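> Need the 3D shape of this:
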Amino acid sequence: MMLRTLRSLAADRRGAAAVEFALVAPVFLALLLGIVEFAYQMWTRVALDYALAQAARCYVLGYVDSGAGTDCSSVAGATAYLQTLATGVAFPAGALAVTSPATGCLKYTYAATWLVPGIMPVAAPTFTGTSCFYY
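Below you'll find the predicted structure:
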């Protein structure tokens with residue numbers, strides 16, 4: 001009787017796909033979320049670098065357009081312009097710092113955040129970039 005029950009259990013294949021899915025799904029989802037996080041961070045970096053280059057140009061030229069609300073005559077104005085150009089990038093309080101380390105240059109430091117907090121085992125990256133524009 002016991003031997004027959006063990007044989008029937010060994011031959012039973014129902015539920016094998018569910019067990020296989022349970023083993024593979026967490027790894028697959030972690031890989032998928034990792035790819036999405038990496039792509040988001042790279043997109044953020046590219047958007048910030050583009051915006052910084054344009055803001056540095058605006059800052060060096062001292063561009064002011066009161067009709068459009070653009071005033072790049074100061075670092076604060078260039079920072080506001082940078083935030084306008086980097087559409088889609090979230091700027092929580094204190095995440096972005098823009099300085100002018102040299103004449104004709106702007107430098108940013110941006111503390112990024114993860115899209116899904118707690119999913120990554122490491123801290124979110126901090127991006128820095130410098131752009132100089134001379135005319």
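
> neighbouring contacts of stretch 21-39?
Contact partners of stretch 21-39, identified using CB atoms under 8 Å, 6 or more residues apart in numbering, comprise 114-116, 119-120. Using the backbone N, CA and C atoms, a C-beta is placed for each residue, glycine as well.

> Among these, which has the minimum pLDDT value?
pLDDT is lowest at Ile119 among these; the value there is 77.

> where are the low-confidence patches of the protein?
The chain contains residues with pLDDT under 70 at 9.

> what about the helices in it?
Secondary structure of the chain by DSSP state H: the helices cover 2-11, 16-61, 75-85.

> Packed most tightly, which of those would that be?
helix 75-85 (a mean of 19; mean count of other CB atoms under 10 Å).

> To Tyr108, which of the helices of the chain lies closest?
helix 16-61 (5.5 Å; CB to CB).

> quick one on the thing from earlier: put together TSV for the helices of the chain, with distance to Thr128 on each row.
As requested, the helices of the chain are arranged in TSV below (distance: least, CB to CB, whole Å):
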stretch	distance to Thr128
helix 2-11	60
helix 16-61	10
helix 75-85	14
